[in-house]
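[1] structure for this input, please:
(chains A and B)
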There are 2 protein chains.
Amino acid sequence: MPIVQFAPFSSLVQPTFWHQLTSLKIDVLRLSDEAVSITGSYSVGRSITDRETGNEIALGCNLSVGAESFDKNAPVPAGAFPAHGHLKNYNTIEEFKAADKTALFNEEAEKMWEAIVSKRDSASLNNFMVITFADLKKYKYYYWFAFPAFAAKPAWEIDEPGWKPAAGELSPESLTSIHAQLKATPMPFFLVRSGVEIASVDAYSTFFANVPPAEQTIAFIDPSANASNPGWPLRNLLAYLRALYPETTSRLRILCWRDSEVPNAPTGWKSRVGVVHAGPSEATTGARPSAVGWEKNPQAKLAPRMADLAPMMDPTRLADQAVDLNLKLMRWRILPSLDLEKISSTKCLLLGAGTLGCYVARTLMGWGVRDITLVDSGKVSFSNPVRQPLFEFEDCLDGGKPKAECAAARMKKIFPGINAVGHTLSIPMPGHPVPPASIAQTKSDVKKLEELIDAHDAVFLLMDSRESRWLPTVICAAKGKIVLNAALGFDTFLVMRHGVRASSVKEGATQLGCYYCNDIVAPADSLTDRTLDEMCTVTRPGIASLASSTAVELLASVLQHPDGMHAAAPPANSDPAALTNAGVLGLVPHQLRGFLAQFRNLHIVGAAYHRCTGCSEIVLKAYETEGFDMILQALNDDKYLQKLTGLDQLYAEGEKALEEVDWDVDDGEGDDF
Amino acid sequence: MPIVQFAPFSSLVQPTFWHQLTSLKIDVLRLSDEAVSITGSYSVGRSITDRETGNEIALGCNLSVGAESFDKNAPVPAGAFPAHGHLKNYNTIEEFKAADKTALFNEEAEKMWEAIVSKRDSASLNNFMVITFADLKKYKYYYWFAFPAFAAKPAWEIDEPGWKPAAGELSPESLTSIHAQLKATPMPFFLVRSGVEIASVDAYSTFFANVPPAEQTIAFIDPSANASNPGWPLRNLLAYLRALYPETTSRLRILCWRDSEVPNAPTGWKSRVGVVHAGPSEATTGARPSAVGWEKNPQAKLAPRMADLAPMMDPTRLADQAVDLNLKLMRWRILPSLDLEKISSTKCLLLGAGTLGCYVARTLMGWGVRDITLVDSGKVSFSNPVRQPLFEFEDCLDGGKPKAECAAARMKKIFPGINAVGHTLSIPMPGHPVPPASIAQTKSDVKKLEELIDAHDAVFLLMDSRESRWLPTVICAAKGKIVLNAALGFDTFLVMRHGVRASSVKEGATQLGCYYCNDIVAPADSLTDRTLDEMCTVTRPGIASLASSTAVELLASVLQHPDGMHAAAPPANSDPAALTNAGVLGLVPHQLRGFLAQFRNLHIVGAAYHRCTGCSEIVLKAYETEGFDMILQALNDDKYLQKLTGLDQLYAEGEKALEEVDWDVDDGEGDDF
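    Numbering: from 1, shown residues only, chains lettered A, B, ... in the order given. Predicted coordinates:
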């Protein structure tokens, strides 16, 4: 008599499954290769009719997994039944290949057998496992499913004439009743008494008590649609019954339930019935039978499969995910407490789209910052592209493109997911009086600048003159924005963060200074009368990227510090290695001066100055109460700010007083200092 | 009787004049605004015939300057006469505008008068001056010529019937003779005796002695072609004669010589003759007469002119000059001893076109380096563009462009003048055995790498694994190339220059180490079995540009050091500010370790190790004698290098010995360390 042949489960992996695994790996698992629980599902087997031959073609005996497989609370789709599994994701392809698959499989089979014999748990009969390696750089997923099934010794045989349509054995009423009961109470494995009543297979001993064997039917939801091969679940169902009820299960009538709907015609029922029998179990001790079940690949070999998702992904989304991945990887091993979103969600305004602006924009993109706005009034000139890494030669032609807009456009070419905007705008400067005819334009420029600062969280001062930093310094201090300031000398740089305004300083904290706190005169016109070497940025070519990267990393460090922009600076002359007042990313210095001739940085702490023309309360309050009128005075009257702050009195105290001031700060190495 | 009207000089400035001024400004003058001598030239006036009316149209009374004007030894073109001038170039447009033009003019006029009356020097009669401001960023040249001419009081008047054709006064033979004599001995101002003999005007007192006034003619090369207005030179000629010979010069016959060729017909002579007379000079004291002569602009106003050369320049050349200018400006004020050519002519080979490679390439371009070759075996992936500043999103599509070639192509888009080449090439690595089928390919790869290293001066090691640096380290040490090595950790970097090989170390000098000198095991496979975070470069985004800029600036500093690659490193723990062993650009450290968490760099000096697997003589000699065979052994046999250097014996001395070794160097922060 023929041995019962079972149609093995075949895994059906939705692409969403890999997307979800990717997220899980990056955000949760990281370097862990602990097994995680997942849930697959299966339904009754489906077949389709070949339109040419009229033959029925059975579709695969599928066990399907998707994004929902990782969600313990996700409902199983209507008509489907859950299968519980474990996923073990390896960190390297080598580990995946070298994994001891026999040991893994046996471990899983052991657990299932334990559930069957000790816990009498039929819910484990369809348990499965999958091992994976996710190559997230290439979007290739290697995987291998195992559906452990226990071998019967001796094997089950089927009575002649084999599997028959259920409609020949059970009345249409009986089948319709079973269908209705399953719809009301879905059960993967169930018992049928007298062709009508059904119950869970767990009720075997009571439900069949006193029922003659001819009235007993063992049934299961059959994912197979193959006429002569019942699906894989039957195999473990038989092992389960044989192990628990060895006395009464040597011959069993089996109903392979394959009907999701009541058919239109009585001959339309697809479920099948057969009687199977087995000799006395060889292992009566309850020892676990051997198990099989590694899935074969499409070439029918026992080998893993690979899903290549790259071709089906939208390139823009691929780029988006790749950038994200690179950042999230930081958290895996190195900095689990890094709050990437805090950085990437910081809206950054870059005043100046020259050497500093281009490098700052690039480094911000590297940090995943998505909102970057650039402001510049210039056009791309021929000397720019080799120094300013967002421009190309073609941008210089025909008089040159506007720098800010051009830089923003280039950023989109680099990363389509970026929200980069450029504005051509002149920043009004003290010491550069506004002719009456230009007042309306200046007013509109100031308004625009105020709006831009309002709309951003962090403002970078990256211009090429000292006095152009004044207005944004005032507005940012008033509006409580984070200010990063970078300026270049020939082989030196200054990178600093402005302190918060006096009225916002936390109790007991020291107010850090702004760019102007060391000044004893107000910013004035330094642009007129500049020689060629002063008009151009005469610097060692490496200094700009050093300053820019330092400025962006200083912002990142500030954002990751628990006190944010209120973070105290490490004290002057403290050992940097001591990491005093450090945040997640390390120190948050106030001012850094880089000296390329020495390849070193100097840490400086500068307290705020109550007469400062940039950030003192007297200036901020004048701005807040008088608005544009105050700004206009500062632009037109080069004595206004000095009078306002009282610097003029200080100045009037004569040269002797001045000589005592520490002039060390500006050593004439560059106009920008 | 009509007053004599003179046709003023008009300046004719060839574009080559501005090009030459640009070079002079950048390379010689720099910030100096001292007047420099230049030489202009003029010829006899030309006229053209209007084809419609048949009228003669006089062309301008030109004084021409060109590139040759700056060259004291340049010959005056045939038929032309020199005019000596001074050029004063201002550093800013404001200075140019604010210049005291009256004072300048009077100073020049004073010198001319002095030459006339004291030195009796007729060569100064056509002296001129020009003030300029060259806006080299925009290729706009502002200039204003002055051709000082002394006013006669009372003014010269011309006898009726005014200026007449010379052919009516002098015989054809006479004119032909004068032409021949001038051809033999060109003279701007000359005397004609009896219609035939000529002599320089300087010989006035002797040449005309005993010659009746009717036989005396005063002549000059006349740049005017205007029938009734002799050219500007006559004005100073008359002033000269009147000042030196007041007794005999109240009435003079003037020949305006305008013939460069002997005409075909006797009526073809263009020179003109007239008799001028003046009353007794009002100033008999020899005091300088007043002078006029600032040139009017095309709108006939006394104002400067502007030459805008930008539109006529080839954009590629504009870019070339702009880049050059930015660099040369460094020498003006800051570093006159900087040898830019030494840097820009250094051929650089970049092994690795990733984050480091792209930033290094950009900074090298900033230094004007023209020959940059990149080597990489990878393709541009979606995560690259935001971190690797030579790639864009489109480079990632369709599987990605080859990185090295793509980077080179992008560099040409940035600066068409660059000679950038990319090679897709895998660098063989120890610990990665070569299968027999791949030996031929590996041999060819090694040969290619050797050829590339041969063809370059400096080699940057910018790969993302430790062992890939071994082969280039060996080849570069053997070939005596400068090696710059940069490697990244999460928030740290290493930048170092390799020392020269032991056999090349100068007497008394310490040999500096290479990347492998601290190792006690040979480089081996660190790539297999890497988890995702190890495969990707998990770094703070700013660290790559910091390391790259530092590496390039270290190269620049080494190249500018008088000892070049033999320069001693500043001693460990020395104060960087002391600038010990510094070159033109400052310190030339051996190793720099950057710590972004502290925003500081550590200076390290590491001596070479005689058992080093990368640079020891035993390794280099094995390579030099055995060539590829030795390399193949190192690749295939992970014990080979340890045996060769004796590291295996050291290793065999047991764990105790190992524990004593300072493990501080590799702190596991990154794979690359």
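
[2] in contact with the residue of the stretch 301-450 of chain A found nearest chain B, which residues?
    Closest to chain B within the stretch 301-450 of chain A is A:Gly366: 2.9 Å, counting by CB to the nearest CB. In this view, the C-beta of every residue, glycine as well, is placed from N, C-alpha and C. By CB atoms under 8 Å, 6 or more residues apart in numbering or on different chains, the residues touching A:Gly366 are B:386-387, B:541-542.

[3] pLDDT weak spots in the stretch 51-200 of chain A?
    The stretch 51-200 of chain A contains residues with pLDDT under 70 at A:51.

[4] can you check the pLDDT for the closest residue to A:Pro433 other than its chain neighbours?
    Excluding its sequence neighbours, the residue lying closest to A:Pro433 (CB to CB, 6 or more residues apart in numbering or on different chains) is A:Asn636, at 4.5 Å. On the pLDDT scale, A:Asn636 is placed at 95.

[5] doesn't A:Val434 make contact with A:Asn636?
    Yes. Between A:Asn636 and A:Val434 there is a contact at 6.1 Å, judged by CB atoms under 8 Å.

[6] the closest residue to chain B within the stretch 401-550 of chain A: what's its closest spatial neighbour, skipping adjacent residues?
    As assessed by CB to the nearest CB, chain B sits closest to A:Pro541 within the stretch 401-550 of chain A, at 2.8 Å. The shortest distance from A:Pro541 to any non-neighbouring residue, by CB to CB, 6+ apart, is to B:Gly366 (2.8 Å).

[7] now A:Ile131
    Of all residues not flanking A:Ile131 in the chain, A:Lys88 sits nearest, at 4.9 Å (CB to CB, 6+ apart).

[8] please apply the same query to A:Thr355.
    The nearest residue in space to A:Thr355 (CB to CB, 6+ apart) is A:Ala544, at 4.0 Å.

[9] okay, the angle between the strand or helix carrying the one you found and helix B:543-559?
    Using DSSP states H and E, the element containing A:Ala544 is helix A:543-559. Taking axes from the mean of the first three to the mean of the last three CA atoms, to 10 degrees, one finds helix A:543-559 and helix B:543-559 inclined to each other by 150 degrees.

[10] so what touches the helix or strand following helix A:543-559?
    Following helix A:543-559 in sequence order, the next helix or strand is strand A:591-595 (DSSP H and E). Identification of contacts with strand A:591-595 by CB under 8 Å, 6+ apart yields A:491-496, A:543, A:546-547, A:550, A:554, A:600-606, B:576-577, B:586, B:599.

[11] how about stretch A:302-319: buried residues?
    A:304-305, A:307, A:309, A:313, A:318-319 (16 or more other CB atoms under 10 Å in any protein chain shown).

[12] pLDDT score assigned to A:Ser503?
    The model's pLDDT for A:Ser503 equals 93.

[13] quick check on it: phi, psi?
    A:Ser503 adopts backbone torsions of phi -70, psi -10, taken as degrees, to the nearest 10.

[14] surely it and A:Ser616 touch.
    No. Using CB under 8 Å, A:Ser503 is not in contact with A:Ser616; the gap is 10.8 Å.

[15] so for these two, which sits in the more crowded spot?
    Neighbours per residue (other CB atoms under 10 Å in any protein chain shown) separate A:Ser503 from A:Ser616, with A:Ser616 holding more: 26 against 10.

[16] do you know how far that one is from chain B?
    Going from A:Ser616 to chain B by CB to the nearest CB, to the nearest Å gives 28 Å.

[17] wait, does the top helix by length along chain A contact chain B?
    Secondary structure of chain A per DSSP state H: the longest helix is helix A:315-333. Yes. Shown here: helix A:315-333 in contact with chain B (CB under 8 Å from any CB of the partner chain) through A:315-316, A:318-319, A:321-323, A:325-326, A:329-330, A:332-333.

[18] so what touches that helix?
    Helix A:315-333 is contacted by residues A:22, A:26-27, A:30-31, A:136-137, A:139, A:310, A:338, A:340, A:344, A:367-368, A:415-417, B:381-383, B:385-387, B:393, B:396-397, B:490, B:531-533, B:536-538, B:540 when judged by CB under 8 Å, 6+ apart.

[19] in ChimeraX, select just the buried ones from these.
    In ChimeraX, a selection of the buried entries from those looks like this (16+ other CB under 10 Å):
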select /A:22,26,30,136,137,139,338,340,344,367,368,415,416,417 /B:381,382,383,385,386,387,393,396,490,531,532,533,536,537,538,540
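
[20] hmm, back to that, out of the buried residues of stretch A:302-319, which is nearest to A:Thr267?
    The nearest member of the buried residues of stretch A:302-319 to A:Thr267, counting by CB to CB, is A:Arg305 at 38.5 Å.

[21] all helices of the stretch 51-200 of chain A, in order?
    Applying DSSP state H, counting those that start in this stretch to the stretch 51-200 of chain A gives helices spanning A:93-98, A:101-117, A:172-184.

[22] now the longest one: buried residues?
    Going back to what we said before, that points to helix A:101-117. In helix A:101-117, counting by 16+ other CB under 10 Å, buried: A:104-105, A:108-109, A:112-113, A:115-117.

[23] what's the spacing between it and its chain's center?
    The chain centre lies 35 Å from the centre of helix A:101-117; the measure is CA atoms, centre = their mean, to the nearest Å.

[24] the helix holding A:Ala544 to strand A:591-595, inter-axis angle?
    Going by the same axes, to 10 degrees, helix A:543-559 makes 150 degrees with strand A:591-595.

[25] which segments of chain A make up each domain?
    Following automatic domain parsing, one finds the domains of chain A at A:10-149+A:294-314, A:157-291, A:323-665.

[26] just how off-centre is stretch A:264-271 within its chain?
    50 Å.

[27] quick one on the thing from earlier: just give me the closest of the buried residues of helix A:101-117 to B:Ala123.
    A:Leu104 (103.9 Å).

[28] what about A:Ile48, how many neighbours?
    Number of residues near A:Ile48 (other CB under 10 Å) recorded here: 11.

[29] confirm that it sits in a strand.
    Yes. Under DSSP: H, G, I helix; E, B strand; the rest coil, A:Ile48 falls within a strand.

[30] so who does it touch?
    A:56-57, A:59.

[31] how much space is there between it and chain B?
    Using CB to the nearest CB, A:Ile48 is found at 36 Å from chain B.

[32] quick check: the gap between that residue and A:Gly60.
    As for A:Ile48, its distance to A:Gly60 is 12 Å (criterion: CB to CB, to the nearest Å).

[33] now swap in A:Gly357 and tell me
    In this view, A:Gly357 and A:Gly60 are 58 Å apart by CB to CB.

[34] compare these two (neighbour count), which wins?
    Shown here are A:Gly357 and A:Gly60; by other CB under 10 Å, A:Gly357 has more neighbours (28 against 18).

[35] make sure the more buried one is indeed in a helix.
    Yes. Counting by three-state DSSP, A:Gly357 falls inside a helix.

[36] ok, residues contacting stretch A:394-414?
    Contacts of stretch A:394-414 (CB under 8 Å, 6+ apart): A:353-354, A:357-358, A:361-362, A:365, A:372-376, A:378-382, A:384-385, A:390-392, A:418, A:420-425, B:315, B:318-319, B:385-386, B:391-394, B:413.

[37] now go through the residues you listed and say which are in strands.
    A:372-376, A:420-424 (DSSP state E).

[38] per-residue confidence at the residue nearest to the spatial centre of chain A?
    Centrality entry for chain A: nearest residue to the mean C-alpha point is A:Asp324, 5.5 Å, by CA atoms, centre = their mean. Confidence at A:Asp324, expressed as pLDDT, is 85.

[39] ok, back up a step: write the PyMOL selection for whichever of the contacts of stretch A:394-414 are buried.
    Buried residues within these, by 16+ other CB under 10 Å, are selected in PyMOL with:
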select buried, (chain A and resi 353+354+357+358+361+362+365+372+373+374+375+376+378+379+380+381+382+384+385+390+391+392+418+420+421+422+423+424+425) or (chain B and resi 318+319+385+386+391+392+393)
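
[40] isn't A:Arg387 right up against A:Arg540?
    No. The pair A:Arg387 / A:Arg540 is not scored as a contact, 10.9 Å apart, by CB under 8 Å.
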